[in-house]
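Visitor: fold the stuff below for me.
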Amino acid sequence: MLMLIRQKAIPTNSNHPSTLLRSISFSQHSYSSSSSSSSLSSQSDSCIISTILNCRTHNEALRYFNNACRRVNAARKPQLYAAMIHILTGAKQYYEARCLTKRLFRKLRKSQKRYSACSLLFGVLIQLEGSKFSTNVFGVLIVALCEMRLVEEALWVYKQTRISMLQACNTLLHGLLKIERFDCMWKLYEDMLSHGFSPTVITYGILIHCSCTQGDTIKAQKLFDEMLEKQIEPTVVIYTILIRAFCNEGRMEKAEDMFRLMRESGVVPNSYTYNSLMDGYCKIANAKRAFDLFQDMLHHGLRPNVVTFAILIDGLCKMDEIKAAQNCFSYMGKFGIVPNTYTYNSLIDGYCKAGNLDEAMHLRLEMGRFRVLPDVFTYNILIKGLSDSGRLEEANEILEKMDTTGVRANSVTYNIIIDGYCKVGNMERALKMCSQMAESRIEPNVITFSSLIDGFCKVGNVKAAMGLYTEMEIKGLVPDVVAYTALIDGHCKDGNIDGAFRLYKEMLDAGFTPNVVTVCCLIDGLFKDGRASDAIKLFLERTGADYSRDHMDKLGEENGNFSPNRVMYAIIIQGLCKEGQIFKATKFFADMRNHGLRPDMFVYANMLQAHFQSKHMLDVLLLHADMLKLGVMPNIFIHRVLSRGYQANGYLKSARMCCEK
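Guide: Got it, this is the predicted structure:
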């Protein structure tokens, strides 16, 4: 084995540690150094190493080694360390051997680059001669390097030696998992199997964790089943990893099956297991099951932690159960748990989305009293809430306060305020905020440009929007669906339908899939341009519908198709009604109802006006009755449509009755 290791061919990559190793000559009696004048003579080296190797016990050798280190510069004599590491390894004192290995590496690292230090260390270990040489020392080296997060170097050592220590291989597997070198990890595992290694529970735990991290729960399940076949008992960690993976995929039945099997096998779930399940149920809005698990956790004597409450509070807020989230937040004190920043952020976000900004601001002040530091997410949540409520000046004030609290605003912060000003049409303030963003050395991104383009299009300044579009291209930024949709809408409203379709084609060529808003803008533009047939054709293309049938059948969402929504139907019905194509409009109205979409006042008003113009009085009565049946109570606008329609058709009594209402 020793000869195989020493004779192993080493790659010729100049940046690889093995190449560096070839340029250095090691032996028991010599070690070249630029500062060799301060080192012992070769005879002294040989004497010290010989004495260490001839000690009867590892403790005796360690005492002599420590005395020698006090008398000489041991960093210039790595052979002394190598001898001691071999002795400790041979005595199965692996922890002490690893500590000494790391100590030597750090000393070498002071004057060498990382790879060079690794090469030197490997070189002195491999050059030791005599009966005290232990090949397990390379396993110790691999584990030590992994513990220092030098996984690439550890992998190199493995490739040079093909060590036979399972612990070292498991440690290397785990190290590769941490740095997400998944391909190398699976190759290492295959190599382990080819050399006759039998995977342990630790090996399987690492492999299952890797499979779940890669999103391959099928492979993870196969490995788990393989464990059971080999009668290797999974640990609580392995069960929890699988449960969390199934929860992340929304496969709660599978997660529950694993949870049940875990208990039946006598493995006691821990707080991480319960937290994973509660998080899974909160994500699918099943608060009841999440709280049942919380009670079960308490019943089994497990103490909830801040993560437990953060999961419940965040889940409840996303389900709009703000009161329940507040109660859960208050309940934390009974367990002596102080809320962390994430918990506060979840509750503040819940209050902001519910429109209760005063309570959100109060919680921000409460954070200061409990010495919980707000982060950039805290401020972004508050700024977003204020911007969405039109309180942009207050949002600006919070932005100014951020610097005084030591929290630096990021691109998200500025984009929220810029988007807020764009939505209210205040483009001057939006551009001023962009300048402030640049002064803070934060580059505007795609979201910034998309907001500005949308803002300029909304105020009818398509020229300025196109200027920003050109600037994006100059900066190497690719417009997103939002930017393209805003420009398409702007061109349609400006009457430039051809320009809108040029952008639409460019969008498709860039690999973007238009959303329902994009298609709505184009359909509306086509109707306004008098191209009703093209509008219908586009609708059929993008929704995957077959208009040749009496009622269009939705063919699914393949090839970028999507289900038409209420707005899309409203645009088509309005366009057809204005074109006087009441029969086609009626078919689309019926299809809208068949797909479970409830028409609003706008749709009913258009249909009523069209029927009045066509003198379809029976259809007017049926449509009015349909409104009442659906619970859509006519407002003043509908009554006005009815009154004018009846009056225009000579039904004066009905017109007066509508006026009285």
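
Visitor: tell me the backbone dihedrals of the residue nearest to residue 338 when sequence neighbours are not counted, please.
Guide: Distances taken as Cβ to Cβ, 6 or more residues apart in numbering put residue 370 closest to residue 338, at 6.3 Å, once the chain neighbours are dropped. In short, each C-beta sits where N, CA and C put it, glycine included. Note on residue 370: backbone dihedrals following degrees, to the nearest 10 are phi -90, psi 10.

Visitor: buried stuff in the longest helix along the chain?
Guide: Criterion DSSP state H: the longest helix present in the chain is helix 94-109. Neighbour-count burial for helix 94-109 flags 94, 96-98, 100-105, 107-109 (criterion: 16 or more other Cβ atoms under 10 Å).

Visitor: quick check: which ranges of the stretch 551-661 of the chain have low pLDDT?
Guide: Filtered on pLDDT under 70, the stretch 551-661 of the chain yields the residue ranges 551-561, 660-661.

Visitor: what's next to stretch 470-484, contact-wise?
Guide: Around stretch 470-484, the neighbours that count as contacts under Cβ atoms under 8 Å, 6 or more residues apart in numbering are 445-447, 449-450, 453-454, 469, 487, 503-504, 506-507, 510, 512-515, 518.

Visitor: ok, of the residues you listed, which come out buried?
Guide: Buried among the contacts of stretch 470-484 (16+ other Cβ under 10 Å): 445-447, 449-450, 453-454, 469, 487, 503-504, 507, 512, 514, 518.

Visitor: can you name the two of the residues you listed that sit furthest apart?
Guide: Spatial extent of these (Cβ to Cβ) is set by the pair 445 and 504 at 23.5 Å.

Visitor: contacts only, for the spatially most central residue of the chain.
Guide: By Cα atoms, centre = their mean, the chain has its centre lying nearest to residue 248, at 11.7 Å. Residues near residue 248 by Cβ under 8 Å, 6+ apart: residue 280.

Visitor: residue 149 now?
Guide: By Cβ under 8 Å, 6+ apart, the neighbours of residue 149 are 175, 178.

Visitor: does residue 215 fall in a helix, a strand, or a coil region?
Guide: Taking DSSP: H, G, I helix; E, B strand; the rest coil as the rule, one finds residue 215 in the coil state.

Visitor: ok, it - how many residues close by?
Guide: 12 (other Cβ atoms under 10 Å).

Visitor: related to what we said a few turns ago, can you add pLDDT and distance to residue 392 and give the buried residues of helix 94-109 back as a markdown table?
Guide: Shown next, in a markdown table, are those (pLDDT from 0 to 100; distance: Cβ to Cβ, whole Å):
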| residue | pLDDT | distance to residue 392 |
| --- | --- | --- |
| 94 | 91 | 63 |
| 96 | 93 | 64 |
| 97 | 91 | 64 |
| 98 | 93 | 59 |
| 100 | 91 | 63 |
| 101 | 91 | 60 |
| 102 | 92 | 56 |
| 103 | 89 | 59 |
| 104 | 88 | 61 |
| 105 | 90 | 56 |
| 107 | 85 | 59 |
| 108 | 86 | 59 |
| 109 | 84 | 53 |
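
Visitor: so is residue 55 in a helix, a strand, or just coil?
Guide: Residue 55 - assigned by three-state DSSP - is coil.

Visitor: touching, it and residue 67? I think so.
Guide: No. Look at residue 55 against residue 67 with Cβ atoms under 8 Å: they stay out of range, at 11.9 Å.

Visitor: my read: residue 536 touches residue 572, true?
Guide: Yes. Assessed by Cβ under 8 Å, residue 536 is found in contact with residue 572 at 7.3 Å.

Visitor: ok, these two, which is more surrounded?
Guide: Ranked by neighbour count (other Cβ under 10 Å), residue 536 and residue 572 place residue 572 first, with 25 against 20.

Visitor: quick check: the more buried one is in a helix.
Guide: Yes. Residue state for residue 572 (three-state DSSP) corresponds to a helix.

Visitor: so where does residue 241 fall, helix or strand?
Guide: Per DSSP states H and E: residue 241 is located in helix 236-248.

Visitor: ok now that helix, how far from the chain's centre?
Guide: 18 Å (Cα atoms, centre = their mean, to the nearest Å).

Visitor: check which residues of that helix are buried.
Guide: 237-248.

Visitor: same question for stretch 117-132.
Guide: 117-128, 132.

Visitor: okay if I get those residues as JSON lines plus pLDDT and secondary structure?
Guide: Below are the buried residues of stretch 117-132 laid out as JSON lines (pLDDT from 0 to 100; DSSP: H, G, I helix; E, B strand; the rest coil):
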{"residue": "117", "pLDDT": "87", "secondary structure": "helix"}
{"residue": "118", "pLDDT": "88", "secondary structure": "helix"}
{"residue": "119", "pLDDT": "88", "secondary structure": "helix"}
{"residue": "120", "pLDDT": "85", "secondary structure": "helix"}
{"residue": "121", "pLDDT": "87", "secondary structure": "helix"}
{"residue": "122", "pLDDT": "89", "secondary structure": "helix"}
{"residue": "123", "pLDDT": "87", "secondary structure": "helix"}
{"residue": "124", "pLDDT": "83", "secondary structure": "helix"}
{"residue": "125", "pLDDT": "87", "secondary structure": "helix"}
{"residue": "126", "pLDDT": "86", "secondary structure": "helix"}
{"residue": "127", "pLDDT": "82", "secondary structure": "coil"}
{"residue": "128", "pLDDT": "75", "secondary structure": "coil"}
{"residue": "132", "pLDDT": "63", "secondary structure": "coil"}
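
Visitor: closest to residue 259 among these?
Guide: When these are compared against residue 259 (criterion: Cβ to Cβ), the nearest one is residue 118, at 44.1 Å.

Visitor: next up, the contacts around the nearest residue to that closest one once chain neighbours are set aside.
Guide: Sequence neighbours aside, residue 153 is the residue nearest to residue 118 in space, at 4.4 Å (criterion: Cβ to Cβ, 6+ apart). The contact partners of residue 153, taken as Cβ under 8 Å, 6+ apart, are 17, 114-115, 118, 145.
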